[in-house]
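K.L.:
the following block contains a protein sequence and its predicted model.
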Amino acid sequence: MRRGRAVFVLAMAVMLSLAFAAQAFGVVVSGTVKSDATGLGIPFAHVWVTQGVLPPVADVEADWRGVYSLDVPADTYTFNASGPGWEVVSEDDVVVESDVTKDFTLDTQFEQAVYRFLNMHGGVYFFSANDQEFMNTYASLARSYHYEGIAYLVAVGTQETLEDYVPLYRFYNFKQGVHFYTSSETEMNNVKKFPNMYRYEGVAYMVRNDGVGVPVLRYYNPRRNIHFYTVNSSEMGFTTLQSRLPDAYHFEGIAFYVADRYK
């Protein structure tokens, strides 16, 4: 009987010790990584905690809203955050003694992530470089648009601020339920002649058409009057389409050039 009581007391002591240790050293740091330009969260930003030159004590990828949460022992750290196309922001000597909210605001660098969705009905991709549009599509249109990741990076700015760049015009083909993109002003004006099929949606983002950067390839399906864009002709999505419909998609050449392929 005494032995059983002793085991019970020992077990309780161990549990209390572990609970105290968790309370003393298990600190939750959470917050949002935001854009200084829009005030919105940066989707899938990276947050990590370091001490000196050692490897990260902890790191995590934020969710689609830029919200993150990670556990660290109570101590003093350097907090770091970055996002696709954004500079790293660091804050040294941050003392963490209890659960804390730590938000980051990132300044725009020179590149913006272009998010890619697979249009489940059209079988082609929808691209957006607008964080608010990304969040609306991700949160509300998941049944129609499946998020596949970041397609590539494009330069941040306008035609007035970016030398050698041109607008990428975006149309919505409401008969097919897919988007069409062109960097050709002539082609843009021709497509505008068909308002019963295409709705002009403005400039998607800035690109180049002078051979500088990463080429985006364009394919055309004449039977359905839809286009397919990719930075990689051998990627699974297009390979799958070609294997099913070998005569459906014709290569039309390089549509435009972007700043960088996202890795």
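P.N.:
Looks like it arrived, so ask away.
K.L.:
tell me where the stretch 151-263 of the chain has strands.
P.N.:
For the stretch 151-263 of the chain, the strands defined by DSSP state E, counting those that start in this stretch occupy 166-173, 178-182, 198-207, 214-221, 226-230, 250-258, 260-261.
K.L.:
okay, those in CSV with mean neighbour count and distance to residue 129 next?
P.N.:
Placement of C-beta: from N, CA and C, glycine included. Below are the strands of the stretch 151-263 of the chain laid out as CSV (neighbours: other CB atoms under 10 Å; distance: least, CB to CB, whole Å):
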stretch, mean neighbour count, distance to residue 129
strand 166-173, 20, 9
strand 178-182, 22, 11
strand 198-207, 17, 4
strand 214-221, 18, 13
strand 226-230, 21, 14
strand 250-258, 16, 10
strand 260-261, 15, 13
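K.L.:
so can I have CSV of these showing mean pLDDT and distance to residue 81?
P.N.:
Below are the strands of the stretch 151-263 of the chain laid out as CSV (pLDDT from 0 to 100; distance: least, CB to CB, whole Å):
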stretch, mean pLDDT, distance to residue 81
strand 166-173, 96, 29
strand 178-182, 96, 31
strand 198-207, 96, 24
strand 214-221, 91, 26
strand 226-230, 90, 30
strand 250-258, 92, 24
strand 260-261, 76, 20
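K.L.:
of those, which approaches residue 32 most closely?
P.N.:
strand 198-207 (24.1 Å; CB to CB).
K.L.:
ok, the closest one: who's next to it in the sheet?
P.N.:
Using DSSP bridges, the strands paired with strand 198-207 are strand 166-173 (antiparallel).
K.L.:
only alpha carbons, please: show the strand it pairs with as CSV.
P.N.:
Extracted C-alpha coordinates of strand 166-173, given in CSV (Å, rounded to 0.1, in the frame of the first residue of the first chain):
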residue,chain,number,x,y,z
VAL,A,166,5.1,46.9,-70.3
PRO,A,167,1.7,46.2,-68.9
LEU,A,168,0.2,42.7,-69.0
TYR,A,169,-3.4,43.2,-70.0
ARG,A,170,-6.0,40.9,-68.5
PHE,A,171,-9.4,39.8,-69.9
TYR,A,172,-12.1,37.5,-68.7
ASN,A,173,-13.6,35.2,-71.2
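K.L.:
which residues sit against that strand?
P.N.:
159, 178-183, 185, 188, 191, 197-209, 225-226, 256 (CB atoms under 8 Å, 6 or more residues apart in numbering).
K.L.:
got the contact list for residue 224?
P.N.:
176, 248.
K.L.:
try it again with 7 Å
P.N.:
Residues near residue 224 by CB atoms under 7 Å, 6 or more residues apart in numbering: residue 176.
K.L.:
what residue ranges in the chain are flagged as low confidence?
P.N.:
By pLDDT under 70, the low-scoring segments of the chain are 1-25, 233, 235-247, 262-263.
K.L.:
columns distance to residue 84 on top of the strands of the stretch 151-263 of the chain, output as CSV?
P.N.:
Listed next are those as CSV, based on distance: least, CB to CB, whole Å:
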stretch, distance to residue 84
strand 166-173, 18
strand 178-182, 20
strand 198-207, 14
strand 214-221, 15
strand 226-230, 18
strand 250-258, 13
strand 260-261, 10
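K.L.:
right, and these - which one's nearest residue 96?
P.N.:
strand 260-261 (34.9 Å).
K.L.:
partner strands of that closest one and their direction?
P.N.:
Its sheet considered, strand 260-261 pairs with strand 145-155 (antiparallel) by DSSP bridges.
K.L.:
for the strand it pairs with, buried residues please.
P.N.:
Within strand 145-155, the residues that count as buried by 16 or more other CB atoms under 10 Å are 145, 147, 150-155.
K.L.:
closest to residue 29 among the residues you listed?
P.N.:
residue 150 (25.4 Å).
K.L.:
and residue 178, how far from residue 79?
P.N.:
For residue 178, the distance to residue 79 (CB to CB, to the nearest Å) stands at 42 Å.
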